[in-house]
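# From the sequence below, what's the structure:
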Amino acid sequence: MDRKIAKLILLVIFFTVFSPIVSEGVGYVKEIDGDFYGLYMEVEGKKIISNKQPFIYDDEIWVPLWDLAKGLNLSIEIDKVNKIANLDSKGRLKSDSKDIQSFQRGYEIEAKGRIIDGLENEIYLLEKGKEREQASLKNKTTKNIKVYFGDVKVYLDNEKLSFSKEPFFFNDDIYVPIMDIGSYLYITPTLDKKYNKILIDANGILVSKDYPSNLDNLVSIRNGRNHLLDIEIENLEKRKELYKSLNIPYRNISNVKTLENHLNRYMDKVGSLIMDIEIKKSSGNWLDITFSFPSSKVYNWYRLNRKEVEDYIWDIYSAILILYNEDALIKGSVRNPYYSKYSSSSYRDYVKFQSKGKDLSFDFSRSNLKKDYRIDSNYFEDILNKNLNKYNNVEFKYSATQRGDTVDLDIMVNSKNFFNWSIYTKLGYLKRLNYEIRRINPDLYIDGNITYTEDYDKNIRFNIHDNRIISVDLLNETEDYINSMYSSFSYGRYIFGLKYSIYEKDIDELGLVVEGNFSIYDDSWIYAGSSGLDRLNARVESAVNYITSLWDRDVFVKINLGQ
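Below is the predicted model of the structure:
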């Protein structure tokens, strides 16, 4: 062979083998092992009827896109030849702030549910000495199936979607990992292992919820739920730690008498005072608890301080939650030994207490215990800077000064974002602060102020005393919010305006004044009749529900309409 021709052939071979080729992915058929459990999808409680099953492969849940789209009322076209899916939301997935907030809150709630489940598993392990039996998918069948990979594409509103694991074509449909597609469709999927189904929360965006039908109300309710989950997580963490410190034997207790005997045997002592614990079952999950001791031991009572008594009752409550009923609520008293238990005197009880959610409120006004307002300011600052130096990714620095029986507490934050938090989150921080302060000294009166820098124009003033939080600034924020959300209602072609004003009525109650911009003698109001009154009451009730979910107080309402 001519040498020049041989060199040419070698060069052609070299560039054919080693030159890079730029091209799109090429489709190919691959055999995979899928785990089938008879799974099905359910959107907002409505089952998606289909002969195609979702299945698990490569640690992902894969769902048929056609069925998912139909369940979410999305238009879909699938080009089976070119393996392309086109989804059309008809403009419903534009980045509206309320849509995004509803989805984010739904996602956070689902994530916090997993955190709570994990904490409950840890607590179960502490209590039982073994791991809790977990719900698991049943009726597994592993099938070897052939699927088409490589150049499968999914478009949503004409934009190509990216996935952590590429979709594939199978059973005349395109299968996608549901957790990946969920972020594009603003849905929150959850695998219900007990009933072998995939629960899909559409977050009020693609599929309207039966209740509430209004997206604003949904966001408001979810903000409240998100806040309550934060509190539940904190309480579970506290309960886990308290269980470690209680050091009492575990028993599976199912009745009040056994519970009473167990606590009297292992938890009857506070300081050097022996208590007799009497428990009676009340309505629902409520338990009435009375602590008593003989008058001959009253000198031991006077040796105690409020913190010791609070901590003791908290330990008793924690034991009840662990041993008897995790949903139990308690109320009761420490009885003054010089009064009969049948006495109606206001001096009969040294201390009164009652559950509020999973918290406890106390009344020590008749305790005769000496109050000690003295604190070591440096110690007070050190404890707060150690235990609550960070919350929700914002850092806090504390400075305390004692002024008589009041502690001036100045708090510096390292981010302006704190002032943009929701009211729920700000109050969540103050509730956590209240808890930390009560652990140091529950008798303190706190006069607090939260700032960013001295020249920054925003700050939040607050007071904490006797397990109560009040903040004029956050009350004003609450007032602004309900005026923006619930300031009008309509009937027919008429729109009626409302203005809300909130004030602190007393320690247990807030006042709400509602003023209308119309007279009861206006033709429009007369035309609205009883229907207008119903809509007015519903609007005000929504505002009241929002306030009570924030402040955990009764709300006294006064409605003023022009005469």
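
# OK, contacts around residue 382?
By Cβ atoms under 8 Å, 6 or more residues apart in numbering, residue 382 lies in contact with nothing. From N, CA and C alone the C-beta is placed, and that goes for glycine too.

# buried stuff in the helix or strand harbouring it?
Using DSSP states H and E, residue 382 sits in helix 377-387. Buried residues in helix 377-387, defined by neighbour count with 16 or more other Cβ atoms under 10 Å: 380, 381, 383, 384.

# any idea of the mean pLDDT for it?
Averaged across helix 377-387, the pLDDT comes to 91.

# Closest to residue 201 out of the buried residues of helix 377-387?
Distance to residue 201, by Cβ to Cβ, is smallest for residue 384 among those, at 38.0 Å.

# was I right about the closest one contacting residue 434?
No: contact criterion Cβ atoms under 8 Å: residue 384 and residue 434 do not qualify, at 11.6 Å.

# Can you tell me how far the residue lying closest to residue 440 once chain neighbours are set aside is from residue 435?
Leaving aside its chain neighbours, residue 440 sits nearest to residue 383 (5.7 Å; criterion: Cβ to Cβ, 6 or more residues apart in numbering). Relative to residue 435, residue 383 is positioned 12 Å away (Cβ to Cβ, to the nearest Å).

# hey, where'd the strands end up in the stretch 1-150 of the chain?
Taking DSSP state E, counting those that start in this stretch as the criterion, the stretch 1-150 of the chain contains strands spanning 28-36, 40-43, 46-47, 55-57, 60-64, 75-79, 84-88, 141-149.

# just those: most buried one?
strand 60-64 (a mean of 22; mean count of other Cβ atoms under 10 Å).

# Give me the contacts around that one.
34, 39, 41, 50, 52, 54-56, 165, 171, 173-179, 181, 189, 191, 198.

# Check stretch 515-526 too.
491, 494, 496-499, 501, 532, 536, 559-563.

# 6 Å instead?
494, 496, 497, 498, 499, 560, 561, 562 (Cβ atoms under 6 Å, 6 or more residues apart in numbering).

# mind giving me TSV with those residues and columns for neighbour count, pLDDT and distance to residue 247?
Formatted as TSV, the contacts of stretch 515-526 follow (neighbours: other Cβ atoms under 10 Å; pLDDT from 0 to 100; distance: Cβ to Cβ, whole Å):
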residue	neighbour count	pLDDT	distance to residue 247
494	15	91	67
496	21	93	62
497	11	93	61
498	21	94	56
499	14	95	56
560	11	90	58
561	17	85	61
562	12	70	65
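
# Which of the residues you listed sits closest to residue 263?
Nearest to residue 263 among the contacts of stretch 515-526, with distances taken as Cβ to Cβ, is residue 498, at 51.0 Å.

# nearest spatial neighbour of the closest one, skipping sequence neighbours?
Once flanking residues are discounted, residue 498 sits nearest to residue 487: 5.3 Å by Cβ to Cβ, 6+ apart.

# Now the one you found, what are its backbone angles?
phi -90, psi 0 (degrees, to the nearest 10).

# how many neighbours does it have?
Residue 487 is flanked by 15 other residues according to other Cβ atoms under 10 Å.

# do residue 91 as well
7.

# ditto for the one 3 residues further on
Other residues near residue 94 come to 8 when the count uses other Cβ under 10 Å.

# So what pairs up with residue 450 in the strands?
residue 411, residue 460 (DSSP bridges).

# so it touches residue 411, yeah?
Yes: contact between residue 450 and residue 411 holds when scored by Cβ atoms under 6 Å: they sit 4.6 Å apart.

# Format the contacts of stretch 515-526 as a markdown table; extra columns: secondary structure and distance to residue 133.
A markdown table is the format used below for these (DSSP: H, G, I helix; E, B strand; the rest coil; distance: Cβ to Cβ, whole Å):
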| residue | secondary structure | distance to residue 133 |
| --- | --- | --- |
| 494 | strand | 59 |
| 496 | strand | 56 |
| 497 | strand | 57 |
| 498 | strand | 53 |
| 499 | strand | 55 |
| 560 | strand | 58 |
| 561 | strand | 59 |
| 562 | strand | 64 |
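
# Quick check: the farthest pair among the residues you listed?
494 and 560, at 19.0 Å, using Cβ to Cβ across these.

# And for stretch 160-177, what's in contact with it?
52, 60, 62, 64-66, 83, 85, 147-149, 152, 154, 180, 184.

# with these in mind, which one is nearest to residue 106?
Nearest member of the contacts of stretch 160-177 to residue 106, counting by Cβ to Cβ, is residue 184, at 14.5 Å.

# What separation do you get for residue 346 and residue 333?
12 Å.

# Equivalent analysis for residue 527, please.
In terms of Cβ to Cβ, residue 527 sits 55 Å off from residue 333.

# neighbour-wise, which of the two wins?
Set residue 527 next to residue 333 and count neighbours by other Cβ under 10 Å: residue 333 wins out with 20 against 13.

# Which secondary structure state is assigned to residue 162?
coil (DSSP: H, G, I helix; E, B strand; the rest coil).

# Measure how buried it is and give me the count.
Residues near residue 162, counting by other Cβ under 10 Å, number 9.

# Phi, psi for it please.
Torsion angles, degrees, to the nearest 10, at residue 162: phi -110, psi 140.

# Pull up the gap between the residue lying closest to residue 84 once chain neighbours are set aside and residue 203, please.
For residue 84, ignoring the flanking residues on the chain, the nearest one in space by Cβ to Cβ, 6+ apart is residue 153 at 4.8 Å. Distance of residue 153 to residue 203, given as Cβ to Cβ: 26 Å.

# More neighbours: these two, which one.
Under the neighbour definition other Cβ under 10 Å, residue 153 and residue 203 were set side by side, and residue 203 has more, 28 against 17.

# That one contacts residue 106, correct?
Yes: contact criterion Cβ under 6 Å: residue 203 and residue 106 qualify, at 4.4 Å.

# what domains does the record give for the chain?
28-104+132-201, 248-363, 377-470, 477-562 (automatic domain parsing).

# Including distance to residue 227, could those domains go into TSV?
What follows is these, written out as TSV (distance: least, Cβ to Cβ, whole Å):
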stretch	distance to residue 227
domain 28-104+132-201	14
domain 248-363	11
domain 377-470	4
domain 477-562	8
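
# Nearest residue to residue 332 in space, please, no chain neighbours.
In space, residue 332 is closest to residue 289, 3.6 Å off (Cβ to Cβ, 6+ apart).

# give me the element that neighbour is part of.
strand 286-292.

# in that strand, what's buried?
Buried, per 16+ other Cβ under 10 Å, within strand 286-292: 287, 289, 290, 291.

# Max pairwise distance over those residues: which two?
Largest pairwise distance in these, by Cβ to Cβ, is 12.9 Å, between 287 and 291.

# Many thanks, we can stop here.
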